[in-house]
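K.L.:
below are the sequence and a predicted model; questions follow.
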Amino acid sequence: MKYAILALGLTLSMPRALTAQAADPATQELIQRLLARIDSLEKRVAELEKGAGPAKPPVPPAAVAAAPVPQPGPHTGHEQPPPPELPAAEAAQPVYPSLKIAGFSDLDFSASTLHGPSGGFGAQTLLSPHSGFEEGQFVLHLSSALSPKVTVFSELSLTARADAGTGAPSAAGFNPEVERLILRYDFNDYLKLSFGRYHTPINYWNTAFHHGQWLQTTISRPEMTQFGGSFIPVHFVGTLAEGVMPAGGLNLNYQAGLGNGRGQVLSRAGDFSDINNNRAWLVNLFLKPDQLYGLQVGGSVYRDELNPAAGPAAREWIQSAHIVWQKETPEVLGEFANVTHNFFNGVTSHSQAFYGQIAYRLPWFNKQWKPYYRFEQIHVPHSDALFRALVPTFSGSTIGVRYDFTSFAAFKLEYRNYQRRDLPSVNGIFSQTSFTF
């Protein structure tokens, strides 16, 4: 007698307000219909129990699922309207913070004719008096959205140390480093304001290819923008405003920064604080026209005052320009930079560097092969008392090939020749397996 129980439940659950409105004709009509329906259901149950008629087979679940949903008729004032459905965007609201992690690493091999001092080349160039394998950097990229307009990005690296295990206490096997740490607020496409530690946006390579050798075509960066090098300040600590203006389809991008200049060691940024009361500043402008998709042309200016631990103080101006065709067939990169040091003893020096690189993704073999060639040069005059002991003066050629054996891992093999000033030339074979995960 489940329908009798249901009827009793319905009767008991009638709100008192309904009883109080019994004189309302519409309410009385509704009650009469409910009671008539209950009587009909009770008679049907009684007939089924006596065997007067065969029971209808149960409706299969698939039929229930496929049954059309009845559409509501005109609203009469008695029935309740269906609850409104939430929009899909509201049903899947983003959760903050939302952390994402990407990793990079590489394993290198080098063998060269270098048998003496490197002449200013750093460890990242992979030039060494001894041949052998070298564990490259282990890099993590961490990004997190804090709100629809606020994001945090960080880049952490672990680099193998040549002096691991020496000293007291013994040196660690890897050197940890916070390469980048940026908090950015996106007002709109025209203005994005950020604070943190950047790869200084004073040339193309330094902001297009970061730590993680898989990102770039070649094994090593051009020497003018090498990590650990001194020709340009690779890192910058401060604040940066950036954005893009459509400019009739030319897409004018700008970056303007203010922060700490170089540290007491010229290859280091002023992470703890600036070493004087003169902030470094920079302006970078470049075009990316719609009609020539892949083309980028721009230039930048950087200004700072240097007070190194070893060497005289000087005012530093850096001017750079680049032209890039960001395609795989072909890929063309070219940059030039001039560094001017105005020493307080009245001497002025100009050091220049440039590189040109071309690569082409071959159409055969599933487009896995990409040969490349790069020519680069750095000239430091003897009058530059800061750079002459830190930056190599040389001309170099690199020819190689990259083989992407998966979408996330590549093998690179290249030959290099360095013609160094006042030192013997160097030839070398280098290989690298790099990947992302």
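P.N.:
Looks like it came in fine.

K.L.:
pull the contacting residues for T329.
P.N.:
Y360, R361, P363 (Cβ atoms under 8 Å, 6 or more residues apart in numbering). Where you see a C-beta, it was placed from the backbone N, CA and C, and this is true even at glycine.

K.L.:
doesn't K367 make contact with the first one?
P.N.:
The one in question is Y360. No. Counting by Cβ atoms under 8 Å, K367 is not a contact partner of Y360; they are 10.6 Å apart.

K.L.:
mind listing the shared neighbours of these two?
P.N.:
E328.

K.L.:
who has more neighbours out of the two?
P.N.:
A count of neighbours by other Cβ atoms under 10 Å puts Y360 above the other of Y360 and K367, at 16 against 12.

K.L.:
how about I38, phi and psi?
P.N.:
Here is the backbone geometry of I38 (degrees, to the nearest 10): phi -60, psi -40.

K.L.:
now A123
P.N.:
With angles defined as degrees, to the nearest 10, A123 sits at phi -60, psi -30.

K.L.:
quick check: domain ranges of this structure?
P.N.:
1-56, 96-436 (automatic domain parsing).

K.L.:
if we can go back for a sec, using CSV, lay out the contacts of T329 together with distance to G270, secondary structure and pLDDT.
P.N.:
Listed next are these as CSV, based on distance: Cβ to Cβ, whole Å; DSSP: H, G, I helix; E, B strand; the rest coil; pLDDT from 0 to 100:
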residue, distance to G270, secondary structure, pLDDT
Y360, 41, coil, 98
R361, 40, coil, 97
P363, 48, coil, 96
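
K.L.:
just those now: which is nearest V139?
P.N.:
Minimum distance to V139 across the contacts of T329 is 24.3 Å, recorded for R361 (Cβ to Cβ).

K.L.:
got phi/psi on the closest residue to that closest one other than its chain neighbours?
P.N.:
What sits nearest to R361 in space, not counting adjacent residues and going by Cβ to Cβ, 6 or more residues apart in numbering, is E328, at 3.8 Å. Phi and psi for E328, reported as degrees, to the nearest 10, are phi -90, psi -20.

K.L.:
ok, now how distant is E328 from L362?
P.N.:
Computed with Cβ to Cβ, to the nearest Å, the distance linking E328 and L362 is 10 Å.

K.L.:
any chance you could map the helices in the protein?
P.N.:
Using DSSP state H, the helices found in the chain span residues 2-12, 16-20, 25-50, 61-66, 88-91, 204-208.

K.L.:
rank these by pLDDT, which is bottom?
P.N.:
Across the helices of the chain, helix 61-66 has the smallest mean pLDDT, namely a mean of 37.

K.L.:
since we're on G294, how many residues are nearby?
P.N.:
For G294, the neighbour count with other Cβ under 10 Å is 13.

K.L.:
so it sits against E328, correct?
P.N.:
No. The criterion here is Cβ under 8 Å, and G294 misses it with E328 at 9.5 Å.

K.L.:
find me the pLDDT at P60, would you?
P.N.:
P60 is given a pLDDT of 43.

K.L.:
who touches F187 in this structure?
P.N.:
Contacts of F187 by Cβ under 8 Å, 6+ apart are K149, L193.

K.L.:
since that was my last question, I'll sign off now.
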